[in-house]
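Engineer: Give the three-dimensional model of this entry:
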Amino acid sequence: MAATDTQLLLSVGLIERDVNADTLWVWSYPSVDSHLRQVLLSKCCLTQDSRDFHTLVFGQFCRTWYYITTVEVQEPTALNKVTHFSIVVTAKDFNPEKYAALSRILCRMYIKHGSPVKMMEAYIAVLTKGICQSDENGSFLIKDYDVRKAYLAGSVKDVVSQFGMETIILYTALMLKKRIVVHHPRIEALLEFTRVLPALTWHRKDWSILHPYVHLTDTEVDDLKRCPGYIAGFVDPEVSNRSDLFDVYVNLPDSIITVSQSAKEAMAMGKLHKDIGQLIVQSAEDAERSDSQVIKDISVKTKEILSNLVSLADEREDGKITLEGLKQHHFPPATENFLFHLAAAEQLLRI
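Structural biologist: Below you'll find the predicted structure:
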């Protein structure tokens, strides 16, 4: 196991709701700064007015991933004044299944012992050895949770089944590193859908663009705006009026994708897009093909486009692409436009 695997964990925290319905952040190891703590509290379903109960939510804030697992306390336990609690794990990496598994073990420990001490011991064991074991609470091994499994956990086929040929809009926006906002009132649907999208640009393997659970607060919006391109999920329908936050808006319940006025030129579609869209749909509709095979099919096409793009580079030393150089190839306008913006996204453009 690589030493860095254990160094991805940042902290573990505990939020409790007591019999008086008060919800408090009661403990963390090591300490979590107050700025991040406020955001984490706002993400926990125990602090929200709605009665909705979410066993797992995850997201990203200030380049820190958080995973919040919430349980109801069933009597009798050592926690006689606590009705619900949440384990909050923060880490440097995207891996919901890994941290959900660790959190389940920590939850069982807390229910049994009623003290965070055992949780802290387990956390330190994972941090130092990559493993925590106990007969009654189960065992956890970091090496069981390869990051590629996390990247492939969602279903690209489901995305294509919902949006068909319009999936090409999502693919183009991701290729050009545009800002995608997705709305759905149910957080679970939002997490499931948004986590899949970075797989459409598999050559980058970049899940840092994913912000699956964002609130429309100044703090979170400012953090989001620092990112040049992203996939951001919102449960608040008000986000549809925030055209300053998106180039592409996905209304998930109604299956509607809208391209903002300011992004229409860069996102103009032509024959190349139609060909890619048909390839995506045909691959995804093939019952014999798995999700990972569909991702591979899209990736092969992407690599073909990128190698063609590189071959258009100027013969000079820097190997960059110029608009003048592109024009000499007499591509259809939409193709030329796409290649120009793609060269900029891939840092192949000479400014």
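Engineer: And for stretch 203-213, what's in contact with it?
Structural biologist: 43, 57-61, 63, 94, 150-151, 177, 187, 190-191, 194-195, 197-198, 224, 227, 229-233, 235, 299, 302-303, 306 (C-beta atoms under 8 Å, 6 or more residues apart in numbering). C-beta here means a position set from N, CA and C on the backbone, and glycine is covered the same way.
Engineer: Stretch 152-170 now?
Structural biologist: 96-97, 180, 192-193, 195-197, 199-200, 248, 250, 255, 257, 259, 267, 269, 273-274, 276-278, 280-281, 284-285, 291-292, 294-295, 298.
Engineer: List buried residues within these.
Structural biologist: Buried members of these, counted by 16 or more other C-beta atoms under 10 Å: 96, 180, 192-193, 195-197, 199-200, 248, 250, 257, 259, 267, 269, 273, 276-277, 280-281, 284, 291, 294-295, 298.
Engineer: What about those residues, which are in helices?
Structural biologist: 96, 192-193, 273, 276-277, 280-281, 284, 291, 294-295, 298 (DSSP state H).
Engineer: quick one: which of these is nearest residue 240?
Structural biologist: residue 193 (16.3 Å; C-beta to C-beta).
Engineer: mind listing what that closest one touches?
Structural biologist: Residue 193 neighbours (C-beta under 8 Å, 6+ apart): 154, 159, 182, 184, 233, 252.
Engineer: how about the strands in the stretch 151-300 of the chain?
Structural biologist: With strands called from DSSP state E, counting those that start in this stretch, the stretch 151-300 of the chain shows them at 179-183, 210-211, 230-234, 248-251, 256-259.
Engineer: Quickly run through the sheet partners of the third one, with directions.
Structural biologist: Strand 230-234 sits in its sheet next to strand 179-183 (parallel), strand 210-211 (parallel), going by DSSP bridges.
Engineer: and if you look at the last one?
Structural biologist: According to DSSP bridges, strand 256-259 forms sheet pairs with strand 248-251 (antiparallel).
Engineer: contact partners of the partner strand?
Structural biologist: The contact list for strand 248-251, computed with C-beta under 8 Å, 6+ apart, reads 169-170, 173, 178-183, 240, 256-260, 263, 267.
Engineer: One more pass at 6 Å, please.
Structural biologist: Contacts with strand 248-251, where a contact means C-beta atoms under 6 Å, 6 or more residues apart in numbering, come from 173, 180, 181, 182, 183, 257, 258, 259.
Engineer: What does the pLDDT read for the residue lying closest to residue 335 once chain neighbours are set aside?
Structural biologist: Once flanking residues are discounted, residue 335 sits nearest to residue 272: 4.7 Å by C-beta to C-beta, 6 or more residues apart in numbering. At residue 272, the model reports a pLDDT of 96.
Engineer: Now residue 59: phi and psi?
Structural biologist: Dihedral pair for residue 59: phi -170, psi -170, per degrees, to the nearest 10.
Engineer: List the beta-bridge partners for it.
Structural biologist: Assigned bridge partners for residue 59, using DSSP bridges, are residue 66.
Engineer: tell me the contacts of it?
Structural biologist: Contacts of residue 59 (C-beta under 6 Å, 6+ apart): 66, 212, 213.
Engineer: give me that answer again for 8 Å
Structural biologist: Contacts of residue 59 (C-beta under 8 Å, 6+ apart): 43, 65, 66, 211, 212, 213, 214, 233.
Engineer: any idea how far residue 43 is from it?
Structural biologist: From residue 59 across to residue 43, the span is 6 Å (C-beta to C-beta, to the nearest Å).
Engineer: Could you list the buried residues of stretch 36-54?
Structural biologist: Those would be 36, 37, 39, 40, 41, 43, 44, 45, 46, 54, for stretch 36-54 by 16+ other C-beta under 10 Å.
Engineer: dump the residue contacts of residue 43.
Structural biologist: Taking C-beta under 8 Å, 6+ apart as the test, what residue 43 contacts is 57, 59, 66, 68, 213, 215.
Engineer: now, of the strands of the stretch 151-300 of the chain, which is deepest in the fold?
Structural biologist: Highest mean neighbour count of those: strand 230-234, a mean of 25 (counted as mean count of other C-beta atoms under 10 Å).
Engineer: returning to that earlier point: put together CSV for the contacts of residue 193, with distance to residue 350 and pLDDT on each row.
Structural biologist: Shown next, in CSV, are these (distance: C-beta to C-beta, whole Å; pLDDT from 0 to 100):
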residue, distance to residue 350, pLDDT
154, 37, 94
159, 35, 98
182, 34, 98
184, 41, 98
233, 36, 98
252, 39, 98
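Engineer: Residue 350: how many residues sit nearby?
Structural biologist: 15 (other C-beta atoms under 10 Å).
Engineer: Please enumerate the helices of the protein.
Structural biologist: Using DSSP H, the helices found in the chain span residues 3-6, 34-43, 96-113, 116-129, 147-151, 156-163, 167-175, 187-194, 218-225, 271-285, 291-311, 323-327, 333-345.
Engineer: Quick one, which of these gets closest to residue 137.
Structural biologist: Short answer: helix 96-113, nearest of the helices of the chain by C-beta to C-beta, at 4.4 Å.
Engineer: Name the spans of the stretch 51-200 of the chain whose pLDDT lies under the cut-off.
Structural biologist: Scanning the stretch 51-200 of the chain for pLDDT under 70 picks out 135.
Engineer: can you do 80?
Structural biologist: The model of the stretch 51-200 of the chain has pLDDT under 80 over residues 51, 75-76, 134-137.
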